[in-house]
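> Sequence first, then the predicted structure, then my questions.
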Amino acid sequence: MMPRRLPIGIQTFREIREGEYYYVDKTGFALRLIEEGKYYFLSRPRRFGKSLFLDTLAELFAGNEALFRGLAAHGRWDWGRRFPVVRLSFAEGVLRSRADLDQRIGEVLADNEARLNVASPHRSLPGRFQGLIAAAHAAHGERVVVLVDEYDKPILDNLTDPDTARALRDGLRNLYSVIKGADAHIRFAFLTGVSKFSKVSLFSGLNNLRDITVSREYSVLCGYTEADLDTVFAPELEGLDREQIRAWYNGYNWTGEAVYNPFDVLLLFQERQFRAWWFETATPTFVVDMLTQRRVWLPQLGQLRADAELLSAFDVGRISTEALLWQTGYLTIAEEEECFGEYRYRLRFPNREVYQSLSNSLLKAWTPNGQETLGHKARLGELLLANDFAGLEQLFTAFFASIPTDWYRNNPIAEYEGYYASVFYAYFASLGLDLTPEESSNAGRLDLALRFNGHVYLFEFKVVELAPEGRALEQIKARGYAERYRAGGEPIHLIGVEFSRERRSVVGFEVETQG
């Protein structure tokens, strides 16, 4: 294969096809959706190709045959029929009020009326939308295709202001409710977004949507598969470590085959560097703010469990941590199981990029001095390479000695025991190290296993009032944490760390090496 152009940031199907860009053929999925049903909803994280897929559907229904030559859909579609397409998108800009939203809806409807050369007889926004659909059907002689991109963005942009978010949600619900009532005029409808708001809150009345978010057959509808990288992008792989690409960017799963983050892959091929490309451009601040407000115990984030109802429990003022992280792409499905008629999921970080970058973002939010934190991270790696335990004790002490007393007083997350363990964990995780938090029901304590450079490190963190009690190392030995690691033949270091709540400092640090 000859190298092609990389479609970085391009969401227009025509430009990709006419501009000789790489394209991963998703048209087979488009045909299957059209053949199987009529109304669909899909939730995927940002920058995963939802807009491109919607644009592909628009070009397919518009009958633009030349764009599909050589693709799966070309020989299986009736190019003699052309359907009017109504497109609504809220991807552009930030709307901060109901008035802004209503104005934007009016502009979008006007654009569709002009493109389809029709006019609606109604003045209210829902009435105008309904009139647009009916008029397009009458004028073009075919039922209408309705495509909605980033249906939820106006709400997500205002989640930190619940009153505004609710007002925008009500305005969008007012608009989307038209779709079901216009059934006689609609051939196909597809709505996409990041979040999966409950049907009661946002799609009231639109209960005929098929939600394909966790449909196994559509798990790879957005994103790139292993086969895609090995075939479509084969010319770009030279000089890059295939296992490293997989570790950094693969792993997103919606109960089927796992996929790569497409934005990451394209930037990697362009820049030839492994960096958190997606995380740096797509992370809303409200995610870090909410995790901080909820005082999450960081080691448990990659081990959360949820059922289907909990993952769908997303609404203004009622967003579970599991739903927030899963729908925004910071956790993915590791395993699905049916139990007593319910579907339950085990969640995990999808890959190194998300695991390392989210930990790093939380670390920055939880420690006040960015320069000192950066220095501590660099020093941590050096000390582990040298197995310098005296240096580790000094560094662990420095983690908290650098935090001013006023910051503890003014930052509520520092008031609970899990903060200390989470900060330790975040330092290690922000370096991308291979950490395994032990399962524990006590979120104020942390048993942490680290594999690094041919060694195993077992940490137990305990919070004491003032003086060291020696119970951290004792507990590692008493509970036999080292036993499961002996078969590997690697040196095992048992490390007990005690942190004084009163002095806000490490007061105990004991190490015992075995093997």
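In hand now; what should we look at?
> hey, let's count contacts and neighbours off CA atoms from now on
OK.
> Helices of the stretch 301-450 of the chain, residue ranges please.
In the stretch 301-450 of the chain, the helices defined using DSSP state H, counting those that start in this stretch lie at 308-311, 321-327, 352-366, 370-386, 389-401, 405-410, 418-429.
> In terms of secondary structure, what does the longest one contact?
Same thing as helix 370-386. Under the contact definition 3 or more Cα pairs under 8 Å, 6 or more residues apart in numbering; DSSP states H and E, helix 370-386 sits against helix 389-401, helix 418-429.
> outside of that helix, which residues touch it?
With Cα atoms under 8 Å, 6 or more residues apart in numbering as the contact definition, helix 370-386 has outside contacts at 364, 367, 389, 391-392, 395, 399, 402, 427-428, 430-431, 452-453.
> do the first one as well
Taking Cα under 8 Å, 6+ apart as the criterion, the residues outside helix 308-311 that touch it are 320, 322-323, 326-327, 342-345.
> List just the nearest of the residues you listed to residue 52.
Checking those against residue 52 by Cα to Cα gives residue 327 as the nearest, at 19.2 Å.
> OK, contacts around the nearest residue to the closest one once chain neighbours are set aside?
Spatial nearest neighbour of residue 327, excluding adjacent residues (Cα to Cα, 6 or more residues apart in numbering): residue 195 at 5.5 Å. With contact set as Cα under 8 Å, 6+ apart, residue 195 has these partners: 43-45, 152, 314, 327-328.
> taking the residues you listed one by one, which sit in strands?
43, 314 (DSSP state E).
> Turn the contacts of helix 370-386 into TSV, including pLDDT, neighbour count and distance to residue 185.
TSV is the format used below for the contacts of helix 370-386 (pLDDT from 0 to 100; neighbours: other Cα atoms under 10 Å; distance: Cα to Cα, whole Å):
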residue	pLDDT	neighbour count	distance to residue 185
364	89	19	52
367	88	19	56
389	96	16	72
391	97	16	72
392	95	18	69
395	94	18	67
399	88	20	63
402	81	13	65
427	94	26	57
428	94	19	57
430	94	20	53
431	94	18	55
452	95	14	62
453	94	11	64
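> What is the most widely separated pair among those?
Between all members of the contacts of helix 370-386, the farthest pair (by Cα to Cα) comes out as 402 and 453, at 28.5 Å.
> just for the stretch 401-515 of the chain, where's the confidence low?
Across the stretch 401-515 of the chain, residues meeting the criterion (pLDDT under 70) sit at 417, 437-446.
> Of all the helices of the stretch 301-450 of the chain, which one comes closest to residue 3?
helix 352-366 (26.3 Å).
> who's in contact with that closest one?
Residues outside helix 352-366 that contact it (Cα under 8 Å, 6+ apart) are 247-249, 275-276, 279, 288, 292, 298, 330, 349, 370, 373, 413-414, 423, 426-427, 429-432.
> could you redo the last one with a cut-off of 7 Å?
Residues from elsewhere that reach helix 352-366 (Cα atoms under 7 Å, 6 or more residues apart in numbering): 247-249, 276, 279, 288, 330, 349, 370, 423, 426-427, 429-432.
> Kindly report the same for stretch 79-96.
With Cα under 7 Å, 6+ apart as the criterion, stretch 79-96 contacts 58, 61-63, 65, 101, 108, 112, 136, 140, 142-151, 153-154, 157.
> host element of residue 279?
When elements are assigned from DSSP states H and E, residue 279 belongs to helix 277-282.
> elements contacting that helix?
On a contact count with 3 or more Cα pairs under 7 Å, 6 or more residues apart in numbering; DSSP states H and E, helix 277-282 meets helix 262-271.
> Would you mind measuring from residue 319 to residue 505?
Using Cα to Cα, to the nearest Å, residue 319 is found at 35 Å from residue 505.
> where are the low-confidence patches of the stretch 1-150 of the chain?
For the stretch 1-150 of the chain, no range has pLDDT under 70.
> what about the helices in it?
With DSSP H, counting those that start in this stretch applied, the stretch 1-150 of the chain shows helices at 13-18, 27-36, 50-61, 98-116, 125-140, listed in chain order.
> Quick one: list the elements packing against the fourth one.
Helices and strands touching helix 98-116, as assessed by 3+ Cα pairs under 7 Å, 6+ apart, comprise helix 125-140, helix 162-176.
> Show me what counts as buried in that helix.
Buried residues in helix 98-116, counted by 16 or more other Cα atoms under 10 Å: 98, 101-102, 104-106, 108-110, 112-113, 116.
> Also the first one?
Buried residues in helix 13-18, counting neighbours by 16+ other Cα under 10 Å, are found at 13-14, 16.
> One more: stretch 19-30?
Of all the residues in stretch 19-30, those buried under the rule 16+ other Cα under 10 Å are 21-27, 29-30.
> Could you list the alpha-carbon positions for that stretch in PDB?
What follows is stretch 19-30, C-alpha atoms only, in PDB (Å, rounded to 0.1, in the frame of the first residue of the first chain):
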ATOM      1  CA  GLY A  19      -8.800  14.000  -0.800                       C
ATOM      2  CA  GLU A  20      -7.100  10.600  -0.800                       C
ATOM      3  CA  TYR A  21      -7.000  10.300   2.900                       C
ATOM      4  CA  TYR A  22      -6.900   7.000   4.800                       C
ATOM      5  CA  TYR A  23     -10.500   5.800   5.500                       C
ATOM      6  CA  VAL A  24     -11.600   2.900   7.600                       C
ATOM      7  CA  ASP A  25     -14.700   1.500   5.900                       C
ATOM      8  CA  LYS A  26     -17.800   1.800   8.200                       C
ATOM      9  CA  THR A  27     -20.400   1.700   5.400                       C
ATOM     10  CA  GLY A  28     -21.200  -1.900   6.100                       C
ATOM     11  CA  PHE A  29     -22.400  -1.000   9.500                       C
ATOM     12  CA  ALA A  30     -24.500   1.800   8.000                       C
END
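> Off-centre distance for it?
23 Å (Cα atoms, centre = their mean, to the nearest Å).
> Grab the most central residue of this structure for me.
The centroid of the chain falls nearest to residue 329 when counting by Cα atoms, centre = their mean (1.0 Å).
> got the contact list for that one?
Counted by Cα under 7 Å, 6+ apart, residue 329 has contacts residue 45.
> Drop anything exposed from the contacts of helix 352-366.
Burial by neighbour count, judged by 16+ other Cα under 10 Å, picks out 248-249, 276, 279, 288, 330, 349, 423, 426-427, 429-432 from those.
> which one of those residues sits closest to residue 228?
Distances from residue 228 to these, taken by Cα to Cα, are shortest for residue 249, at 13.6 Å.
> just so I know, which of the helices of the stretch 301-450 of the chain lies nearest residue 481?
Taking Cα to Cα, helix 418-429 is the member of those nearest to residue 481, at 17.9 Å.
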